[in-house]
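# have a look; sequence and predicted model below, questions after that.
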Amino acid sequence: MSENEKAGYFGPYGGQFVPETLMSALAQLDREYHAAMADESFLAEFDRCLREIAGRPSEMYFARRLTENLGGAKVYLKREDMNHTGAHKINNTLGQALLTLRMGKKRVIAETGAGQHGVATATAAAVFGLECDVYMGTEDIRRQALNVFRMELLGARVVPVTTGQRTLKDACNEAMRDWMGSVEHTHYILGSVVGPAPFPEMVREFQCCIGRESREQMLQIEGRLPDTIVACIGGGSNAAGIFVPMINDDVEMIGVEAGGRSMGLGDHAASLVAGEPGVLHGARSYVLQDSDGQTAEVHSVSAGLDYPGVGPEHAYWKDTGRVGYTTCSDDDALDAVVALSRAEGIIPALESAHAVAEAMKIAPKMKPEQILLINLSGRGDKDCNEIADILKRRKK
Amino acid sequence: MNNLRDNRLVKTFAGLRTAGKKALMPFLTAGYPDLETTAALLKDFEARGVRIVELGIPFSDPIADGPTIQASYTDALDGGVSSEKIFEMVRSYRSTSLTAGRSGDGSLALVAMVSYSIVFKHGVEPYLADAVDAGFDGIIIPDLPLEEASELEPLTSSAGLANVMLIAPTTPPERRLEIARHSHGFIYYISIAGITGERARLPEESIRAVAELRTHTDTPVCIGFGVSNAETVAHVCEVADGAIVGSAIIHRITDAKDAPRDELVKKVGEFVGELLKSII
């Protein structure tokens, strides 16, 4: 297929399906991004930021008690939850903030679901003295009150979004609308491997520190790579970040989407497992939509996975079979939060708990000498109110 | 192979140019507040002397649209509107208008404004065929820029549909000419870097840019985004071949939404009548 050679495409997925108004900004971003990645001093500065601000490298942790409880493969956790601001999101926002400076822009905007990307953007904006507006659906503002406060404390403005389902997709629309009118002095720090090119590739590259470190740490600790890696998927940035540096190795990879309440349309956010090829937010990928092309409603207990699309590179990996994709229900994710908290003293984010739940399912079926690596993409402090409410409802 | 010689949109602009006239192009959200009202508005506009109407196909996630049009899209979708039903309405507008009393004769040039998300889901070729079959003359896919449109252009032309492309204030000069070469029917010049919505005045830069663009192309150039009253319509038409008015019309529909249909049509029609006066 000729599209394989097209820049900004992953097989037939990706592209730039955006209004003409944004095309010159994407061209500028593409130029600056590629120049920056070939510039030693940019890479050195990015590296310094990852070390000194994000606190990298993050730990590779052997989950001894969880392993014993599950009675199968050795389970390791890549501790992205230990990063400054509590998730992998900071890796990307530091990279894009540096690019913002390079482009001479003074303001950044972002969309956020769970608030982790919003907090990470607000943090990078504070570090570099950039003006920052974060778009967030009012349903997520309700679910993630702590992160709203953190963003404001960091000097960002949180702009409530009241259109659509008032969650991540709608925040993304609103950020794009802002960008349409502010593109000449504002950079849009997209939070995942979605959107028009070059975002999917760029965000993946800024997240690849996760996989590069994991590779090295695994070789150091175990003398070999893991048999299987599990990561949760909303847009798919933490998964892409841990997968790509081992994509050519003999490592099984599993992406876990939000299975929500049920697998009926509207009850989940599993674009890869249950969606079809479509176009959303500037890229061709798998999308949850109705037969007329209208974006479907989605649901997940986790605000960060509550999104009807997914990164185009994941769509490509699904079609080629390189990565296996599955789902985890709201209930199983909650059980995994409790299980990991009690077994290891680690409260995972609801997003990351989807990966933990899948690992808990497959580890017992693996041999004791096998290694299962979970990308623990974020910590669960932000979710405590939501989890408490749900657990209370469950008891009744 | 150009099948556009007999295209109604192309012929309408050719006729206007010969007569030394400009086009007022009202935008309607198809199915807002319902498809019967949209059909009634088409006939009313036509009777008042409008020649071209842009029909927005409602989409759940229109990122180029401001709050007014967004809300009308959401409302229309909540009412169950789909591409299929809109095509049906256009088909019946084309076929039954002859019988209507005071109405026009069903010969408006109709341009669909539709997201690529919708077109891709239906399949590009079937969608274009259905649009032509229903009676559309042109199509604007605002989220399909030059780079992605190469496969679409031959398909629209062979279907007999004019593929209208957009130029933004942020479009670099050489790219403007490239887009102009690939745009059929007319060229849609976006007056403001931003989303749709009413503006008190338009940037003079855009007016100058359109004057400049017209020296490079024979394809008509129309200005949209922010054009919201008789004054801006007149101003835009000093240099452009036409003015596209969207949010200002939709907001008047919203204001009259709860009134009986006849009253809504009359109110909105009168506003369009006022705008028409400014270009005569």
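Thanks, I have the structure now.
# in contact with B:Phe186, which residues?
Residues near B:Phe186 by C-beta atoms under 8 Å, 6 or more residues apart in numbering or on different chains: B:9, B:13, B:138, B:162, B:164, B:219-222, B:241-242. Every residue, glycine included, has its C-beta placed from N, CA and C.
# now A:Val193
Neighbour list for A:Val193: A:199-201, A:203-204, A:207, A:235-237, A:240, A:311-314 [criterion: C-beta under 8 Å, 6+ apart].
# who wins for most neighbours among these?
With neighbours taken as other C-beta atoms under 10 Å in any protein chain shown, the top of those is A:Gly236, carrying 35 neighbours.
# that residue touches A:Val256, doesn't it?
No - counting by C-beta atoms under 8 Å, A:Gly236 does not reach A:Val256; the two are 10.6 Å apart.
# one step back: closest one of the contacts of A:Val193 to B:Ala109?
The closest of the contacts of A:Val193 to B:Ala109 turns out to be A:Pro312 (C-beta to C-beta; 36.7 Å).
# quick one, phi psi at that closest one?
phi -60, psi -30 (degrees, to the nearest 10).
# hmm, it is touching A:Ala283, no?
Yes - taking contacts as C-beta under 8 Å, A:Pro312 lies within contact range of A:Ala283: 4.9 Å.
# can you list the residues of the stretch 1-150 of chain B near chain A?
Applying C-beta under 8 Å from any C-beta of the partner chain, we find that the stretch 1-150 of chain B lies next to chain A at B:59-66, B:70, B:74, B:77, B:82-84, B:115-122, B:142-148.
# buried only: go through those residues for me.
B:59-66, B:70, B:74, B:77, B:82-83, B:115-122, B:142-148 (16 or more other C-beta atoms under 10 Å in any protein chain shown).
# restricted to helices, list the residues you listed.
B:70, B:74, B:77, B:83, B:116-122 (DSSP state H).
# tell me the buried residues in the helix or strand containing B:Ser157?
Element membership of B:Ser157, judged by DSSP states H and E, is helix B:152-159. Across helix B:152-159, burial judged by 16+ other C-beta under 10 Å covers B:152, B:156-157, B:159.
# out of those residues, which comes closest to B:Met25?
Here the nearest of the buried residues of helix B:152-159 to B:Met25, counting by C-beta to C-beta, is B:Thr156; it sits at 18.8 Å.
# in the sheet, who's paired with the closest residue to the closest one other than its chain neighbours?
In space, and not counting its chain neighbours, B:Thr156 is closest to B:Asn163: 3.9 Å by C-beta to C-beta, 6 or more residues apart in numbering or on different chains. Beta-bridge partners recorded for B:Asn163 (DSSP bridges): B:Ile139.
# that older thread, now for the contacts of A:Val193: which two are most distant?
Farthest-apart pair in the contacts of A:Val193 is A:Gln207 and A:Pro312; separation 15.1 Å (C-beta to C-beta).
# residues contacting whichever residue of the stretch 151-280 of chain B sits closest to chain A?
Nearest to chain A in the stretch 151-280 of chain B, going by C-beta to the nearest C-beta, is B:Gly194, at a distance of 3.3 Å. Contacts for B:Gly194 (C-beta under 8 Å, 6+ apart) come out as A:21, A:180-181, B:225.
# and those residues, which is closest to A:Val230?
Each of these was checked against A:Val230 using C-beta to C-beta; the closest is A:Met180, at 37.7 Å.
# local confidence estimate at the closest one?
The model reports A:Met180 with a pLDDT of 93.
# and it, what is it in contact with?
Counting by C-beta under 8 Å, 6+ apart, A:Met180 has contacts A:19, A:21-22, B:63-64, B:193-195.
# give the helix, strand or coil label for it.
When classified by DSSP: H, G, I helix; E, B strand; the rest coil, A:Met180 comes out as helix.
# gap between it and B:Ala64?
In this view, A:Met180 and B:Ala64 are 7 Å apart by C-beta to C-beta, to the nearest Å.
# identify, by residue count, the longest strand of chain A.
Longest strand in chain A by number of residues (criterion: DSSP state E): strand A:252-260.
# now the element after that one, going C-ward?
The element immediately downstream of strand A:252-260 (helix or strand, assigned by DSSP H and E) is helix A:271-274.
# that following helix close to chain B?
No - applying C-beta under 8 Å from any C-beta, one finds helix A:271-274 separated from chain B by no less than 13.6 Å.
# is A:Cys232 in a helix, a strand, or coil?
Assigned with three-state DSSP, A:Cys232 falls in the strand class.
# let me redo that: A:Ala355
Quick answer, by three-state DSSP: A:Ala355 is helix.
# which pLDDT value goes with it?
We have a pLDDT of 98 for A:Ala355.
# overlap in contacts of A:Met180 and B:Ala64?
A:19, A:21, B:195.
# mind giving me the packing neighbours of the particular helix or strand that has A:Ile90 in it?
Taking DSSP H and E as the definition, A:Ile90 sits inside helix A:89-102. With contacts defined as 3 or more C-beta pairs under 8 Å, 6 or more residues apart in numbering or on different chains; DSSP states H and E, the packing partners of helix A:89-102 are helix A:20-37, helix A:40-49, strand A:107-112, helix A:116-128, strand A:186-188, helix A:199-207, helix A:237-243.
# and the last one, what's its mean pLDDT?
The reference is to helix A:237-243. Mean pLDDT, helix A:237-243: 98.
# tell me how many other residues crowd the residue in the stretch 51-200 of chain A that chain B sits nearest to.
Distance from chain B to each residue of the stretch 51-200 of chain A (C-beta to the nearest C-beta) is smallest for A:Gly181, at 3.3 Å. Residues lying near A:Gly181 (other C-beta under 10 Å) number 15.
# if we can go back for a sec, where do the contact lists of A:Pro312 and A:Ala283 overlap?
Common neighbours of A:Pro312 and A:Ala283 (C-beta under 8 Å, 6+ apart) are A:13-15, A:194, A:200.
# so for stretch B:31-38, what gets flagged as buried?
When neighbours are counted by 16+ other C-beta under 10 Å, the buried residues of stretch B:31-38 are found to be B:31-35, B:37-38.
# residue contacts, the closest residue to chain B within the stretch 1-150 of chain A?
Using C-beta to the nearest C-beta, the single residue of the stretch 1-150 of chain A nearest to chain B is A:Thr21, 4.0 Å away. Applying C-beta under 8 Å, 6+ apart to A:Thr21 gives the contacts A:180, A:183, B:64, B:168-170, B:190, B:193-194.
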